[in-house]
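>>> Mind folding the following:
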Amino acid sequence: MFNVYFENRFEERIFIGEAKDEKEIYQLIKSDISVRAQPSFQWYYTRSWTRDNGEIVMDVGSHVEFYIAVPVS
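Numbering: from 1, shown residues only. A predicted model of the protein is given here:
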């Protein structure tokens with residue numbers, strides 16, 4: 001289980017939902033992008049990495065704003 005957040009360029013995290021697996025994480029991101037981004041934004045790729053604390057960081061093209069999936073224990 002993961003809590004998924006949007007992290008803006010000011011490093012503020014905004015909760016966008018809960019996901020049970022990677023597929024649901026991507027669904028939450030897709031839904032959030034359709035609301036948050038400008039209509040012209042195209043999601044061409046995802047670059048991701050896992051931090052030492054288990055958080056999955058996903059860059060969907062912004063380079064300064066990210067989606068963060070935080071494992072829930």
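
>>> From here on, just use CA atoms for contacts and neighbour counts.
Fine.

>>> Tell me the helix or strand right after the helix or strand of the chain with the lowest mean pLDDT.
Of all helical and strand segments in the chain, the minimum by mean pLDDT, DSSP states H and E falls on helix 22-36, at a mean of 91. Downstream of helix 22-36, the next assigned helix or strand under DSSP states H and E is strand 47-50.

>>> Next, the buried residues of that next one.
For strand 47-50, burial by neighbour count (16 or more other Cα atoms under 10 Å) applies to no residue.

>>> Ok, stretch 40-60 next?
Applying 16+ other Cα under 10 Å to stretch 40-60 flags 55, 56, 57, 58, 59, 60 as buried.

>>> Need the max-distance pair from those.
55 and 60 (15.9 Å; Cα to Cα).

>>> Now do residue 9 against residue 66, distance only.
8 Å (Cα to Cα, to the nearest Å).

>>> Compare the two (neighbour count), which wins?
More crowded of residue 9 and residue 66, by other Cα atoms under 10 Å: residue 66, with 22 against 12.

>>> Could you list everything that one pairs with in the sheet?
For residue 66, the beta-bridge partners under DSSP bridges are residue 7.

>>> isn't residue 32 right up against residue 16?
Yes - checked against Cα atoms under 8 Å, the pair residue 32 and residue 16 is within contact range at 7.3 Å.

>>> What count of nearby residues applies to the closest residue to residue 8 other than its chain neighbours?
In space, and not counting its chain neighbours, residue 8 is closest to residue 65: 4.7 Å by Cα to Cα, 6 or more residues apart in numbering. Neighbours of residue 65 under the rule other Cα under 10 Å: 18.
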